[in-house]
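In: pasted the sequence and its predicted model underneath.
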Amino acid sequence: MSLKKFLGQTAIYGLSTVFSRLFNFILTPIYTGVYKTGVYGIFTNMYANASIINAVLAFGMESTFFRYLNKHEDKKQEVYNNSFWCIAFIATLFLLTGLVFLDPIANYLASSPQDVADYKKYTVYFLLILFLDAISVIPFAKIRAEERPIKYSVVKFLNIGVFVGFNLIFLFVLPAIIKNQLIGAQWIATWYSTQWIGYVFISNLIASAATLAMLLPEFAKIQFKFDKQLFKQMFAYSWPVLVANLSFTINESLDKIVLNKLLPEEIAASEVGIYGAVCKIAVFISIFITAFRLGAEPFFFSYAKQENAKKVYATILQYFVVALAILFVALIANIEILKYFIRNQDYWVGLPAVPFLLLGYVCLGIYMNLSIWYRLSDQTKYGLYISVIGAIITIVFNPILIPKFGYMGSAWVSMITYFTMMAISYGLGHKHYPIPYNFKRILFYLTVSVAIGFSSFFLFNKNIYIGNALLMLFLALVFYLEKNELKQIFKKT
C-alpha cells in the first residue's frame, strides 16, 4: 500500500468513523436530557465493565491477524481460520459461563437489592452484545486487510443507524404512541417503562445482531480447519497483546467502575454519570485516533518491508501529532459551545476535567502510533510491560485520589497514565527499534498546544474569542513551520 493510498483509505475510515460517532454523539444530549445523573451512571458503569471484557474476548487476535497475514502470505486462509476460531471459542465459553453465574454477576453490579432484577436483564443483554461483537472482530479485520474501506464504512453506518434509530423509538416514539392513544398504545403501555435505561442496551443488542448479519459473507469464507502449528506461533505473539490491551482497557475504564465503589453511596451514581457525560466531549480526539488506527494498522504491517519504512513512519507520527495538537486546542477553545451537547446543566460541573481528559487522549494517540515498533519487531512483550505499568498507576492512584477529589482525581490519573506509557514506549522503541522521529519538533508542538489549551480554559476562563484567537495563531505557526515539508510530501504522493 502506497502512502497516497494510506491517506485515502484513512480519510474514508475517518469520514465513516466521524459520521458514525457523531450520530452516536447525538445521543449524549438525548440521554442527559432524558435520564438523571444517577441513571446515566448505570449506563457509564455497564459500558465500562463491557469494554474490559471486550479486550479479553478479542484475545489480541486482531493485531495478530494483521501481523501473520503479512508474515505468512502463503497461509492467509489458515491465519483467518485460526484467528476466528480462537475468538469464537473464548466468546462462547464466556457467554455460557455468564448465563450460569447470572445471579452473582447481577448482585455484584447492582448498587442496591431492589435493582438486582433490572441488572439481571442488563447482564443478559450485555452477554449477548459482547458475544456478537467478539465473533465479528476478525471478519471486520479481514475487510480492512483486503483494503475494502467502503464495505467497512457501510457496515459501521448500519450499526450506528440501527442503534440510534431504536434509541429514538424506545425513548420518544413509543411514549408518544401511549400519550396520544395511537394504534397499539394499550398493548405498549402494559410493558413499557418510562426512563428505563435498559432500552439503550436492547438497542445496542439489535445493532450488534444487524452488524453480524451484514458480515455473513465474511463468515461464509471461514473453514472448519485449525492449523495447530501456526496457532502456536500466533498465540505466542497474541497473548502479550491481550494483556497489553486488557491493561489499556483497565486504564480507560477502571476509573468509572471504581468511582462507583469508592465514593459515598448517595453521590456515587451521580458522580459517575457526570464524569461519563463530560468524557463524551473528549470523544472527538478519540474519533480521530480510531480513524487513524483503522487505516494505519494494516498499512504499517504491509509497508514494513520497504526500504524507507522507518522514515515514512516518522513522518506519519509528526503530522499525526500536529493534527492532535490542533484538535486539542480547538476543542478547549470551543468548550463553551460543546457543553451544550450535554443538555442538562447539572452535568456541566464536570467540565474542568475535560482538558486533562483531552491531554490524556493526545498521549494515548501518540502511544498507539509509537507502539508499532514492538508489533513489527515481534517484541510484543514490551507492549505487555508498558501496559501493565499503566494499569498499576491506574489501580494504585485512583483509590488514593478519588475519595479526596472525586472524578477530577480520575481525570488526573488517566492523563498521567497515558503520558507515562507514551514516554516509556518512546524510550524503549528508540533502543530496540529506532525510528528517526523528529523529537524536538514533536515536543515543541505538544508543549505549545498544552500551554495554549490550558491557558484558554483556566487563565482566560473558557473565553471563546480569546481561545479561538490563540487557535488561529497556533495554526499560523504550524503552517509557517511545515509548509515546505508538506509541499514535498504531496508532490511525492
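Out: That came in fine, so what should we check first? Residues are numbered from 1 along each chain as shown.
In: low pLDDT regions in this structure?
Out: Within the chain, the ranges that satisfy pLDDT under 70 run 1-25, 248, 489-493.
In: contacts for stretch 233-247, please.
Out: 52, 55-56, 58-61, 63-64, 67-68, 79, 82-83, 86, 375, 378, 380-381, 383-384, 386-388, 390-391 (C-beta atoms under 8 Å, 6 or more residues apart in numbering). From N, CA and C alone the C-beta is placed, and that goes for glycine too.
In: repeat that for stretch 109-120.
Out: Residues outside stretch 109-120 that contact it (C-beta under 8 Å, 6+ apart) are 45-46, 49, 102-103, 106-107, 122-123, 196, 198, 260, 265, 268-269.
In: cool, and stretch 51-60?
Out: Contacts of stretch 51-60 (C-beta under 8 Å, 6+ apart): 86-87, 90-91, 94, 130-131, 133-134, 137, 237-246, 248-250, 252-254, 380.
In: using PDB, write down the CA coordinates of that stretch.
Out: Output of stretch 51-60 as PDB, limited to C-alpha atoms (Å, rounded to 0.1, in the frame of the first residue of the first chain):
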ATOM      1  CA  SER A  51     -15.000  -2.600  27.500                       C
ATOM      2  CA  ILE A  52     -12.800  -4.600  29.800                       C
ATOM      3  CA  ILE A  53     -14.500  -7.800  28.800                       C
ATOM      4  CA  ASN A  54     -14.200  -6.900  25.100                       C
ATOM      5  CA  ALA A  55     -10.400  -6.800  25.400                       C
ATOM      6  CA  VAL A  56     -10.400 -10.300  26.900                       C
ATOM      7  CA  LEU A  57     -12.700 -11.800  24.300                       C
ATOM      8  CA  ALA A  58     -10.700 -10.300  21.400                       C
ATOM      9  CA  PHE A  59      -7.600 -12.000  22.800                       C
ATOM     10  CA  GLY A  60      -5.200  -9.700  20.900                       C
END
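In: from the chain's centre, how far out does it sit?
Out: Distance of stretch 51-60 from the chain centroid (C-alpha atoms, centre = their mean, to the nearest Å) equals 12 Å.
In: now stretch 356-371
Out: On C-alpha atoms, centre = their mean, the centre of stretch 356-371 falls 12 Å from that of its chain.
In: who are the neighbours in contact with the residue lying closest to Leu262 once chain neighbours are set aside?
Out: Using C-beta to C-beta, 6 or more residues apart in numbering and skipping residues adjacent in sequence, the residue nearest Leu262 is Ile402, 4.7 Å away. Each residue near Ile402 by C-beta under 8 Å, 6+ apart is listed here: 255, 258-259, 262-263, 409-410.
In: equivalent analysis for Ile326, please.
Out: By C-beta under 8 Å, 6+ apart, the contact list for Ile326 reads 449, 471, 474-475, 478.
In: repeat the analysis, applying 7 Å as the threshold.
Out: Taking C-beta atoms under 7 Å, 6 or more residues apart in numbering, we find Ile326 in contact with 474-475, 478.
In: how about Leu338?
Out: Contacts of Leu338 (C-beta under 7 Å, 6+ apart): 281, 331.
In: secondary structure element for it?
Out: helix 335-338 (DSSP states H and E).
In: tell me what the following helix or strand past that helix is packed against?
Out: Per DSSP H and E, the first helix or strand lying C-terminal to helix 335-338 is helix 354-370. Packing partners of helix 354-370 (3 or more C-beta pairs under 7 Å, 6 or more residues apart in numbering; DSSP states H and E): helix 283-303, helix 309-333, helix 407-432, helix 439-454.
In: quick one on the thing from earlier: next, give me the two most distant ones among the contacts of Ile402.
Out: Within the contacts of Ile402, Asp255 and Leu263 form the most distant pair, 11.5 Å apart (C-beta to C-beta).
In: so between those two, which is more surrounded?
Out: Asp255 (27 against 18; other C-beta atoms under 10 Å).
In: how many neighbours does the closest residue to that one other than its chain neighbours have?
Out: Using C-beta to C-beta, 6+ apart and skipping the chain neighbours, the partner closest in space to Asp255 is Ser410 (3.6 Å). By the criterion of other C-beta under 10 Å, Ser410 has 28 neighbours.
In: right, and Ser410 touches Asn398 too?
Out: Yes - using C-beta atoms under 7 Å, Ser410 makes contact with Asn398 at a distance of 6.3 Å.
In: quick one: Lys76 and Leu69 touch, right?
Out: Yes - the pair Lys76 / Leu69 is scored as a contact, 5.8 Å apart, by C-beta under 7 Å.
In: okay, the two: which has more neighbours?
Out: Shown here are Lys76 and Leu69; by other C-beta under 10 Å, Leu69 has more neighbours (21 against 16).
In: can you tell me the helix or strand for that one?
Out: Element membership of Leu69, judged by DSSP H and E, is helix 61-71.
In: ok, residues contacting the next helix-or-strand element following that helix?
Out: As assigned by DSSP H and E, the chain's next helix or strand after helix 61-71 is helix 76-100. With C-beta under 7 Å, 6+ apart as the contact definition, helix 76-100 has outside contacts at 57-59, 61, 64-65, 68-69, 72, 105, 127, 131, 134-135, 137-138, 142, 222-223, 225-227, 230-231, 234.
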